[in-house]
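Undergrad: Fold the stuff below for me.
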Amino acid sequence: MNRWILALLVLLAGVLGSFKTAAAAQPVVTAGFDKKTQTVTIEGTHGDAAGLIVTVQVRTPANQLDYADQGVTGDGGAFRFAYKIGDAAPGAYRVISGGERADATASASFQIGPVTPELSLITAPQEPDGLNGWYVTPPLVEIRSSVGLPPGTTVEYRMNKKNWKGYAKPIVIETDGEHLIEYRLSERGSKEGPVQSATIKLDTKAPLTTAKVSYGEGGSHSSPSAPVVRLTAADNVSVTQTVYRLNGGAWSEYGQPVTISEQGSHTFEYKSYDQAGNEEPVKTVQVHHAPGAPMLHVGVDKPVLQRADNKLVTVTASVYAGEGSRFKSIVLTSITANEPVRPGDIQGARYGTLDTSFKLRAKADANGSGRLYVITYTATDYAGRKSTASATVEVPVHRSGARSESADGLQPEDTLHLNLEDDFDDSEEFMDFNDFESFEDFEEMEEYEVK
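TA: Below is the predicted model of the structure:
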């Protein structure tokens, strides 16, 4: 009796063991789809041992093979596969798994809904290359889609609330300022997706600073007060700081006009910054604070034109400042004479400029005391004070008895008489040569002779 009971227990244990082994051999599989990453994940078990070969495949809603792979189970027969799906058609996808020592396969499914592209705006450079979120070089703006666009769907954009236009290629932002870029998906039938936006700030130009030097109230040309420097900065976006320094010293922030009380010549440097980080090149202005009236001196290389031969003579002037004087400008003011001059007696003089070379006619009234040219220059210093200085050029008159023989044997005071034969009445006519200015006046005459 006991032997029969023992045999029955052994048989029952064997049957239960076979049931356990058969249950453990059944494969299990699950699948899921991550819409954001477009990734399919397949997990499950194949038996209860590691090292067993397992195979999976995925079929599309149209029963086409979308993915297939083979691997080896891990502890407890577990396995895992993952892949990124391509242009996925919406619908139900079927997953099948099977493998070594398996009498059956396992299956699962996952659903992919209609794919909606997600747009993003990318810039190059990726981050602003200036300060405070500003670009200082024109950026390239690209609008990208997370997936391929469905048929009939396009990307549109507009800048600064202007008209919408189709996006076809990256956009270059070239105009300084803040730009609002809006973009969206657009489908046939005038159906638009939600509007996304981004702001691009561009400032490619440094500020422009100007300096004005003036002299405060209470000063005069003869006794000026200390010079005052006023700086004005402008920028196409905004100026954040203006700085200056005097005679190469330390930089200081400019807040109000700068008074220079120390006498002498000073180098005043200045520049400005804007909020994008653009720095203006250093500019310089010379500031002069002189205690007394400026001094100007004028001289000429030919103070006397010895021969009053009616010719034009080039005269060169030398103009220079007196000791301790510094001028902002020096100009030729006038050239006058003590006797009437004809047009052409003074030639090549450019008034209002620093002209130091011109031509004067060596001519004087025979009945006068000699011609005296007066050449005048005007100088203006940095305080606005003016000084004038003159030099003279004399053309003396040659009287009878003071004979200075020329190369042709004639004396300057000799009178030339010309014998002109008239073709019509055969009469003779004598003329005084001193009534004419030069021999050129007679070029059209047929002949002449000295009497």
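Undergrad: pLDDT value on T37, please?
TA: Listed pLDDT for T37 reads 86.
Undergrad: ok, and the closest non-adjacent residue to it?
TA: K84 (7.2 Å; C-beta to C-beta, 6 or more residues apart in numbering). Just so you know, the C-beta spots here come from the backbone N, C-alpha and C atoms, and that holds for glycine as well.
Undergrad: where do the strands sit along the stretch 1-150 of the chain?
TA: For the stretch 1-150 of the chain, the strands defined by DSSP state E, counting those that start in this stretch occupy 28-34, 39-45, 53-59, 65-72, 78-84, 91-99, 106-112, 119-124, 140-145.
Undergrad: what residue ranges in the chain score low on pLDDT?
TA: 1-25, 102, 115, 189-190, 215-225, 290-294, 323-325, 399-451 (pLDDT under 70).
Undergrad: still on that earlier bit, for the strands of the stretch 1-150 of the chain, state which one has the densest average packing.
TA: strand 53-59 (a mean of 20; mean count of other C-beta atoms under 10 Å).
Undergrad: got the contact list for the nearest residue to Q263 once chain neighbours are set aside?
TA: Spatial nearest neighbour of Q263, chain neighbours left out: H289 (4.8 Å); criterion: C-beta to C-beta, 6+ apart. H289 makes contact with 224, 226-227, 260-264, 266, 383, according to C-beta atoms under 8 Å, 6 or more residues apart in numbering.
Undergrad: Then N63?
TA: R94.
Undergrad: Now do it against I85, distance only.
TA: Per C-beta to C-beta, to the nearest Å, N63 is found 16 Å from I85.
Undergrad: same deal with D301?
TA: 97 Å.
Undergrad: Look at these two and report which has more neighbours.
TA: More crowded of D301 and I85, by other C-beta atoms under 10 Å: I85, with 20 against 13.
Undergrad: you'd agree the more buried one is up against Q38?
TA: Yes. Shown here, I85 and Q38 form a contact pair, counting by C-beta atoms under 8 Å, at 5.4 Å.
Undergrad: Mind jotting down where the strands sit in the stretch 201-350 of the chain?
TA: So, for the stretch 201-350 of the chain - with DSSP E, counting those that start in this stretch - the strands run 208-215, 227-234, 239-246, 252-253, 258-259, 264-274, 283-289, 296-300, 312-321, 327-337, 346-347.
Undergrad: Which strands and helices lie in contact with the helix or strand hosting S186?
TA: Using DSSP states H and E, S186 falls within strand 177-187. Applying 3 or more C-beta pairs under 8 Å, 6 or more residues apart in numbering; DSSP states H and E, one finds that strand 177-187 makes contact with strand 119-124, strand 153-159, strand 191-192, strand 196-202.
Undergrad: just how off-centre is the third one within its chain?
TA: It stands for strand 191-192. 41 Å (C-alpha atoms, centre = their mean, to the nearest Å).
Undergrad: Mind listing the strands that strand pairs with, and their directions?
TA: strand 177-187 (antiparallel) (DSSP bridges).
Undergrad: picking up where we left off before, which one of the strands of the stretch 1-150 of the chain lies nearest to A362?
TA: For A362, the closest of the strands of the stretch 1-150 of the chain is strand 140-145, at 74.3 Å, according to C-beta to C-beta.
Undergrad: if we look at the closest one, which residues are touching it?
TA: Against strand 140-145 from outside (C-beta under 8 Å, 6+ apart): 117-124, 155, 157, 167, 170-173, 181, 183, 200.
Undergrad: hmm, try it at 7 Å
TA: With C-beta atoms under 7 Å, 6 or more residues apart in numbering as the test, strand 140-145 has contacts from 117, 119-124, 155, 157, 167, 170-173, 181, 183, 200.
Undergrad: hang on, the earlier thing: for the residue nearest to T37, which residues make a bridge with it?
TA: T39.
Undergrad: Surely it and T39 touch.
TA: Yes. With contact defined as C-beta atoms under 7 Å, K84 reaches T39; the gap is 5.2 Å.
Undergrad: still on that earlier bit, right, and the strands of the stretch 201-350 of the chain - which one's nearest Q57?
TA: strand 264-274 (62.5 Å).
Undergrad: Output that closest one in PDB with nothing but the alpha carbons.
TA: The C-alpha trace of strand 264-274 is given here as PDB (Å, rounded to 0.1, in the frame of the first residue of the first chain):
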ATOM      1  CA  GLY A 264      49.200 124.800 -22.700                       C
ATOM      2  CA  SER A 265      48.400 122.200 -25.400                       C
ATOM      3  CA  HIS A 266      46.500 119.100 -24.400                       C
ATOM      4  CA  THR A 267      45.600 115.800 -26.200                       C
ATOM      5  CA  PHE A 268      42.000 114.900 -25.400                       C
ATOM      6  CA  GLU A 269      41.000 111.300 -26.400                       C
ATOM      7  CA  TYR A 270      37.500 109.900 -26.300                       C
ATOM      8  CA  LYS A 271      35.400 106.900 -27.400                       C
ATOM      9  CA  SER A 272      32.000 105.200 -26.700                       C
ATOM     10  CA  TYR A 273      30.500 101.700 -26.300                       C
ATOM     11  CA  ASP A 274      27.000 100.400 -27.100                       C
END
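Undergrad: Quick one: distance of it to the chain centre.
TA: Counting by C-alpha atoms, centre = their mean, strand 264-274 comes out at 21 Å from the chain centroid.
Undergrad: Not counting sequence-adjacent ones, nearest residue to S318?
TA: In space, S318 is closest to G299, 4.8 Å off (C-beta to C-beta, 6+ apart).
Undergrad: A391 is in contact with the one you found, correct?
TA: Yes. At 5.5 Å, G299 and A391 qualify as touching, with contact defined as C-beta under 7 Å.
Undergrad: who has more neighbours, these two?
TA: The residue with more neighbours, out of G299 and A391 and counting by other C-beta under 10 Å, is A391; that gives 19 against 13.
Undergrad: Now the phi/psi pair for that one, please.
TA: Phi and psi for A391, reported as degrees, to the nearest 10, are phi -130, psi 160.
Undergrad: Surely it is in contact with A317?
TA: Yes. A391 lies in contact with A317 (C-beta under 7 Å); the separation is 6.2 Å.
Undergrad: shared neighbours, the two?
TA: Joint contacts of A391 and A317 (C-beta under 7 Å, 6+ apart) are 298-300, 375.
Undergrad: got JSON lines for these, with distance to S272 too?
TA: As requested, the shared contacts of A391 and A317 are exported to JSON lines (distance: C-beta to C-beta, whole Å):
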{"residue": "V298", "distance to S272": "42"}
{"residue": "G299", "distance to S272": "45"}
{"residue": "V300", "distance to S272": "48"}
{"residue": "I375", "distance to S272": "45"}
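Undergrad: Give me the buried entries from the residues you listed.
TA: 298, 300, 375 (16 or more other C-beta atoms under 10 Å).
Undergrad: Now do the buried residues in the one helix or strand the last one maps to.
TA: If I follow you right, that is I375. Under the criterion of DSSP H and E, I375 resides in strand 371-381. Buried residues in strand 371-381, counting neighbours by 16+ other C-beta under 10 Å, are found at 371-373, 375-381.
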